[in-house]
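Novice: after the sequence you'll find the predicted model.
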Amino acid sequence: MVQLNAPQIGEEEIAAVAKVMRSGLLTHGLGAGPMVIKFERAFAKFAEARYAIAVNSGTSGLHLALVAAGVEKGSEVVLPSFTFVATAEVIAMIGAKPVFVDIEPLTYNISADQVEDAVTEKTKAVMPVDLYGLPVDMKPMREVADKHGLAIIEDSCQAHGASYRGKPPGAFADVACWSFYASKNMTTGEGGMITTSSSELAEKMRLMRSHGEKEKYTSLVLGHNYRMPEIEAAIGSVQLRRLPEFAARRQRNAEDLSERLKKAEKLQSPYVPKLCRHSWYLYTLRLKGADNTRRDGVAAKLKEKGISVEAYYRNPIHLMPYYRRFGKRRLPETEKAANQVLSLPVHPAVTMDQIDYIGRSVVEVYS
């Protein structure tokens, strides 16, 4: 089976973990152990941000970012429905209202126009998602946010190695949040990172990360236990050094797969705007004219051929039972995409022979 995702863990990561375990320092009471600090500094440089705050998941990062930005009970936050549920989940956890908007059909991302149409006097923030690893068009998003006094919390959990206008994700946002889940372009098993160039926001998030403490047993604000362990930080430091290599392989595989899929007129390969570099966390094609039954049939046949595929976000958040309480929304492009998209393997371990096999199989099955 050609796996859809495969963590790239080698001897260097194993050695880094062993070194931490032999040291006996597995975590730090304030979340600031030596490996965490090392990882944070390296990631801040990578993201071209002044500060990086390591946490135990990308979801934790999104939660801290919203609270630090002033989102509270009764606030509204604009976001896409076509994404993983964590993006909306953290808004609901605060007692705020997620306001779902539709996506652009080519990029699967939200636009500044859609955000502006959804702004009310209660809107406090916008959460654009760099879906599948493709950055959102952030310059106009920044202009809309500034016009209405909104914070931008960019969900970059899938965008390691991507760029927009030559800058890493987060350059046009107040805060960017990243995930290191096992399937991501770089991993620590679980774990996440928050990047920002605001000293005020960074200080708030560092406090909240570890029970609101700046020193032990003295809570200054309401906090949580969102610390990253030393072992995860050790793996992350190695993975970050290897990320350019991973990104190059993903780029090569994505380009070669797109070339092979040109033969199928009813397949829409991923679209990448000129101002963007895709991270290729997921290579997602679209079966034009298909419904979910047809798409799922294609997926089943590809799995029979030994190719792992997945229809990510087949059930948009606004249609999930829990989130219907926030109001009915008509999001036609979101619902159409959810019935037609299919993600294929392009991770670094996929070989050229496998890319050729995947391309031929997709064309054969869909034809």
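Specialist: Arrived safely, thanks for sending. Residues are numbered from 1 along each chain as shown.

Novice: helix, strand or coil: sort out Lys328 for me.
Specialist: coil (DSSP: H, G, I helix; E, B strand; the rest coil).

Novice: could you count how many residues lie near it?
Specialist: 7 (other Cβ atoms under 10 Å). Heads up, the C-betas are built off the backbone N, CA and C, glycines and all.

Novice: please report how far it lies from Phe100.
Specialist: For Lys328, the distance to Phe100 equals 10 Å [Cβ to Cβ, to the nearest Å].

Novice: what of Ala202?
Specialist: Ala202 is 29 Å from Phe100, by Cβ to Cβ.

Novice: now swap in Ala92 and tell me
Specialist: 12 Å.

Novice: before we move on, what about Val272?
Specialist: For Val272 relative to Phe100 (Cβ to Cβ), the value is 25 Å.

Novice: looking at those two, which one has more neighbours?
Specialist: The neighbour comparison of Val272 against Phe100 (other Cβ under 10 Å) goes to Phe100, with 24 against 18.

Novice: quick one: contacts of the helix or strand that contains the more buried one?
Specialist: Assigned by DSSP states H and E, Phe100 belongs to strand 97-101. Contacts to strand 97-101, defined as Cβ atoms under 8 Å, 6 or more residues apart in numbering, come from residues 74-81, 88, 91-92, 110, 114-115, 117-118, 122-123, 316-318, 323, 326, 329, 331, 334.

Novice: same check, this time on stretch 213-232
Specialist: Under Cβ under 8 Å, 6+ apart, the answer for stretch 213-232 is 17, 20-21, 23, 25-31, 33-36, 39, 54-57, 60-61, 63-64, 180, 188-192, 204, 207-212.

Novice: next: stretch 284-294.
Specialist: 108, 132, 261, 266-270, 295, 298, 311-312, 314, 337-344, 362, 366.

Novice: pull the number of nearby residues for Thr120.
Specialist: 10.

Novice: give me phi/psi at it?
Specialist: Main-chain torsions, Thr120, degrees, to the nearest 10: phi -130, psi -180.

Novice: now for it: which residues touch it?
Specialist: Contacts of Thr120 by Cβ under 8 Å, 6+ apart are Glu76.

Novice: in strands, which of the contacts of stretch 284-294 fall?
Specialist: Leu267, Gln268, Val341, Leu342, Ser343, Leu344 (DSSP state E).

Novice: for the last one, give me the pLDDT.
Specialist: This points to Leu344. Note for Leu344: predicted pLDDT of 98.

Novice: which residues of the chain score low on pLDDT?
Specialist: The chain contains no residues with pLDDT under 70.

Novice: which residues in it form helices?
Specialist: 11-23, 34-47, 58-68, 86-94, 112-118, 138-148, 199-209, 230-261, 292-304, 332-340, 352-366 (DSSP state H).

Novice: ok, which of the ones you listed comes nearest Pro128?
Specialist: helix 138-148 (5.9 Å; Cβ to Cβ).

Novice: can you tell me what sits against the closest one?
Specialist: 111-113, 115-116, 119, 123, 126, 128, 150-152, 154, 164-165, 171-173.

Novice: list the buried residues for that helix?
Specialist: Residues of helix 138-148 classed as buried by neighbour count (16 or more other Cβ atoms under 10 Å): Met138, Met141, Arg142, Val144, Ala145.

Novice: export it as CSV, just CAs?
Specialist: Coordinates of each C-alpha in helix 138-148 appear next as CSV, following Å, rounded to 0.1, in the frame of the first residue of the first chain:
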residue,chain,number,x,y,z
MET,A,138,-3.3,37.5,2.9
LYS,A,139,-2.5,41.1,1.8
PRO,A,140,-6.1,42.0,1.1
MET,A,141,-7.1,40.0,4.2
ARG,A,142,-4.8,42.3,6.2
GLU,A,143,-6.4,45.4,4.7
VAL,A,144,-9.9,44.2,5.6
ALA,A,145,-8.8,43.3,9.2
ASP,A,146,-7.2,46.7,9.7
LYS,A,147,-10.2,48.5,8.3
HIS,A,148,-12.5,46.7,10.9
